[in-house]
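[1] Just to be clear, the model below is a prediction. Sequence and coordinates:
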Amino acid sequence: MEIDVIIPLYKPGKELFTLLDKLDSQSVPVHEVILLNTGEKYFEQLIYGTRFLEKYQNIKVYHVSKREFDHGGTRRMGVKKSSADIFVMMTQDAMPADDNLIEQLTEPLRDQVAVSYARQLPREDCAPVECYTREFNYPAQSRIKSAEDLKTLGIKTFFCSNVCAAYRREIYEELGGFVKHTIFNEDMIYAAKAVEAGYAIAYAADARVIHSHNYTNVQQFQRNFDLGVSQAEHPEVFAAYPSESEGKRMVKDVTAYLRKNHMSGKLLHFYIQCACKYAGYLLGKNYRRLPGKWVLAFTSNKEYWKQNRKDV
């Protein structure tokens, strides 16, 4: 059984070499690594003077322009470049925690499981609040989620992350693959489609990648604006299971965590951050009512709007 890894890239740094080396040393071998690079000149600058093509002979590189990049469409293209029975979607800033990542990630892909996603651990420089939210979203216990969990988990049933996730091709093809055009959330949209079709989503806690961000308040606002847009554009997935309740639960849990660990001084910053997130999310959900200039100012993906609105 062949396993390919598909990674979209944008202005990759030298950490890409570390990621490729770690994928090359996995206990279950990777057949091919498919790199979908946005901005050919940045990639060429990175590998100039190296023995990249000689060292990484199972690598395939495809270049797309920034205007062509799309969260769903570009990943669809990557899957078409692969013929493997199982393909793993990753991001360039997700680092395997050990040599068992691929083995642990693909192990749950049996019976009715359509996709399996990895646990994300914080980086060494991760801020305390972000460290706790990693634990909130990616706990130490594995779980299989299906339609039976919708009443108790709500939108969390669909939660899945292409930061590191493995897919069964036969089910992917049956369900029509990733949505062709979306600003965000192609992974959750696919997971919702799988659950609706009777399949399950696996959270593989023993498959671990190092991945976290210390976003500024502006970045949190923009990211959640795009999140709100994706939910507004796909009411068939998100209308019945709003994410507000999950957000409220996270705020309560983080507040309790900070107080318990004598970090109450960080609460004000955390609440300001939450306000930025929620404001971005609400504006994103109502993006159709906003002037094009506002949308362009609020989003983190300006190229998406240049393709989709005439007034930007």
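    The structure has been received and is ready for your questions.

[2] And the strands in the stretch 101-250 of the chain?
    113-121, 143-145, 164-168, 200-210 (DSSP state E, counting those that start in this stretch).

[3] angle of the third one against strand 200-210?
    Meaning strand 164-168. 140 degrees (axes from the mean of the first three to the mean of the last three Cα atoms, to 10 degrees).

[4] same for strand 164-168, what does it pack against?
    Applying 3 or more Cβ pairs under 8 Å, 6 or more residues apart in numbering; DSSP states H and E, one finds that strand 164-168 makes contact with strand 86-90, helix 101-106, strand 113-121. (Each C-beta comes from the backbone N, C-alpha and C, glycine too.)

[5] In the protein, where is pLDDT below threshold?
    Filtered on pLDDT under 70, the chain yields the residue ranges 309-312.

[6] could you point out the longest helix in it?
    helix 267-285 (DSSP state H).

[7] ok now the helix or strand following that one, how far from the chain's centre?
    Following helix 267-285 in sequence order, the next helix or strand is helix 292-298 (DSSP states H and E). Between the centre of helix 292-298 and the centre of its chain there are 24 Å (Cα atoms, centre = their mean, to the nearest Å).

[8] what's the domain layout of the chain?
    Domain assignment for the chain, taken from automatic domain parsing, gives 3-210, 217-308.

[9] before we move on, back to that, compare the helices and strands packed on strand 164-168 and give me the one nearest residue 41.
    Comparing these by their distance to residue 41 (Cβ to Cβ), the top pick is strand 86-90, with 23.0 Å.

[10] Quick check: residue 7 is in a strand.
    Yes: per DSSP: H, G, I helix; E, B strand; the rest coil, residue 7 lies within a strand segment.

[11] Identify the bridge partners of the residue lying closest to it once chain neighbours are set aside.
    Nearest residue to residue 7 in three dimensions, chain neighbours excluded: residue 90, at 4.9 Å (Cβ to Cβ, 6 or more residues apart in numbering). Applying DSSP bridges to residue 90 gives these bridge partners: residue 164.

[12] Could I get the contacting residues of residue 130?
    122, 212-214 (Cβ atoms under 8 Å, 6 or more residues apart in numbering).
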